[in-house]
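Visitor: sequence isn't available, so here's the structure alone:
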């Protein structure tokens, strides 16, 4: 069974950091990705570009209506995603718990949501 794992962060807070601080955080994250990927359970993993580059499509009168920006205006934004192959959600959570967003960045709103794929 596959699970979609969504990585969140407070993008405005992260954006406000000095480039040196951001670089140090990302370097730590990249290092943590090695044991995360070594589980052999990660099907795919990608970071997302900045929320300012997002487009949202909603139905309006039976036609798609496109606006700039993310789907929801919330403090924590989607920053990455990955798919885990696991026997059940408990195993998926165990694997996702090795992702950097589950271990670092509490002060920047890092977090992971794990959802079964139909």
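Guide: That came through fine. Since the structure is predicted, the reported quantities are computational estimates derived from the model, not experimental observations.
Visitor: lowest average confidence, helix or strand, in this structure?
Guide: helix 11-15 (a mean of 91; mean pLDDT, DSSP states H and E).
Visitor: so how far is it off the chain centroid?
Guide: Here the centre of helix 11-15 is set off from its chain's centre by 14 Å, with CA atoms, centre = their mean, to the nearest Å.
Visitor: buried set for that helix?
Guide: 11, 14 (16 or more other CB atoms under 10 Å). Heads up, the C-betas are built off the backbone N, CA and C, glycines and all.
Visitor: let me know the pLDDT of residue 59.
Guide: pLDDT, residue 59: 95.
Visitor: spatially nearest residue to it (excluding sequence neighbours)?
Guide: residue 65 (7.0 Å; CB to CB, 6 or more residues apart in numbering).
Visitor: isn't the one you found right next to residue 57, touching?
Guide: Yes. In this structure, residue 65 is within contact of residue 57 by CB atoms under 8 Å, at 7.0 Å.
Visitor: name the next helix or strand downstream of the lengthiest helix in the chain, please.
Guide: Longest helix of the chain, by residue count under DSSP state H: helix 19-37. Downstream of helix 19-37, the first helix or strand assigned by DSSP states H and E is strand 42-47.
Visitor: sounds good, over and out.
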